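# pasting the sequence and the predicted model now:
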Amino acid sequence: MTPAEIEALFTRTDGAYAFARWGRPIAPIVFGVEDSTLATVKGAIEAVVTLAGHQMAETDPELGSNLMVFFFRDWDELTGVPDLDRLIPDLAPLVARLKQADASQYRAFRFDDQGGIQACFVFLRMAGAVAKLPAETLALTQAVQMMLTWGDSAFAETSPLAVLPDTGATILRPEIAGVIAAAYDRMMPVAAADRSHALRLFARLQAPVTPPSDDANPTRH
């Protein structure tokens, strides 16, 4: 990827560059799915976290779970979730806007004092095209999107995933995997608002890396 392409991944529609990664271990919890799908979702999260060289945890000391993933069929279901309005400010107006937009997904992030991701709330309405996606594809896509604060249009035209023509397997595009790994380099900041950050990511993508083991490779599904 070119520096300009990397910069575009973290540029908002208002033109601002806004990057953040997790500043603490990720403790996920998933609502609204059967056990088989739960294992798929958590497996995808763990695979991408391992790729990044980050950590998972059973619990978060402040929130218990700092990554909450909700699967449901209608946005109105969210207003009935106990205490969710305490985690998501102005929940009712947000649900109204998402319904009006016929949205299929929404992510909300919280940030710590250093600007790193402190918590993420993922909402997936299982209707239309989203409901037809294989569980593995949906889970891996969401795992990628919650690892960093990507720009609004980062994957609007090109998915972070690809399909191998010979096997039909869904994989994480190598260039996106590279960006995630570079973003979690120990020498990189947990948050950045300067476009020079994209150049630092680019420099790390040029450096030779040791391929992850098959057990930690999220491109194998």
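Received the coordinates, thanks.

# make it CA atoms for all contacts and neighbour counts henceforth
Fine.

# isn't Val190 right up against Arg24?
No: using C-alpha atoms under 8 Å, Val190 is not in contact with Arg24, being 10.0 Å away.

# grab the nearest non-local neighbour of Ala183.
Closest residue to Ala183 apart from its sequence neighbours, by C-alpha to C-alpha, 6 or more residues apart in numbering: Leu201 at 6.5 Å.

# any idea of the mean pLDDT for the helix or strand hosting the one you found?
Leu201 belongs to helix 196-206 when assigned by DSSP states H and E. Confidence over helix 196-206 (mean pLDDT, whole number) is 94.

# check the chain for its longest helix and report it.
In the chain, assigned by DSSP state H, the helix with the most residues is helix 35-52.

# tell me if Leu94 really is in a helix.
Yes: counting by DSSP: H, G, I helix; E, B strand; the rest coil, Leu94 falls inside a helix.

# local confidence estimate at it?
For Leu94, the predicted pLDDT is 95.

# use 53 as the first number from now on
In the new numbering, first residue 53, that becomes Leu146.

# if I look at it, how far off is Thr222?
In this view, Leu146 and Thr222 are 32 Å apart by C-alpha to C-alpha, to the nearest Å.

# who has more neighbours out of those two?
With neighbours defined as other C-alpha atoms under 10 Å, Leu146 and Thr222 compare such that Thr222 has more, 19 against 14.

# can you give me the strands in this structure?
All strands of the chain, identified by DSSP state E, fall at 71-72, 80-83, 119-124, 157-163, 169-177, 213-215, 222-224, 243-244.

# with mean pLDDT as extra columns, can I get the ones you listed in TSV?
Formatted as TSV, the strands of the chain follow (pLDDT from 0 to 100):
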stretch	mean pLDDT
strand 71-72	98
strand 80-83	95
strand 119-124	95
strand 157-163	95
strand 169-177	96
strand 213-215	88
strand 222-224	87
strand 243-244	98
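
# which of those strands sits most buried?
Mean neighbour count (mean count of other C-alpha atoms under 10 Å) peaks for strand 71-72 among the strands of the chain, with a mean of 26.

# which outside residues touch it?
The contact list for strand 71-72 (C-alpha atoms under 8 Å, 6 or more residues apart in numbering) reads Phe62, Gly167, Gly168, Ile169, Leu200, Thr201, Trp202, Val242, Ala243, Ala244, Ala245.

# and of those, the nearest to Ala179?
Of all the contacts of strand 71-72, Trp202 has the smallest distance to Ala179: 23.9 Å, by C-alpha to C-alpha.

# low-confidence stretches in this protein?
Within the chain, the segments meeting pLDDT under 70 span 259-273.

# what residues go with each domain of it?
53-73+204-260, 74-199 (automatic domain parsing).

# pretty sure Leu61 is touching Leu200, no?
No: between Leu61 and Leu200 there is no contact under C-alpha under 8 Å: 10.1 Å.

# can you verify my assumption that Gly75 contacts Ile169?
Yes: between Gly75 and Ile169 there is a contact under C-alpha under 8 Å: 5.7 Å.

# please report how far Asp154 lies from Glu114.
Distance from Asp154 to Glu114, by C-alpha to C-alpha: 33 Å.

# so for the two, which residue has more residues nearby?
Taking neighbours as other C-alpha under 10 Å, Asp154 and Glu114 compare with Asp154 leading, 11 against 8.
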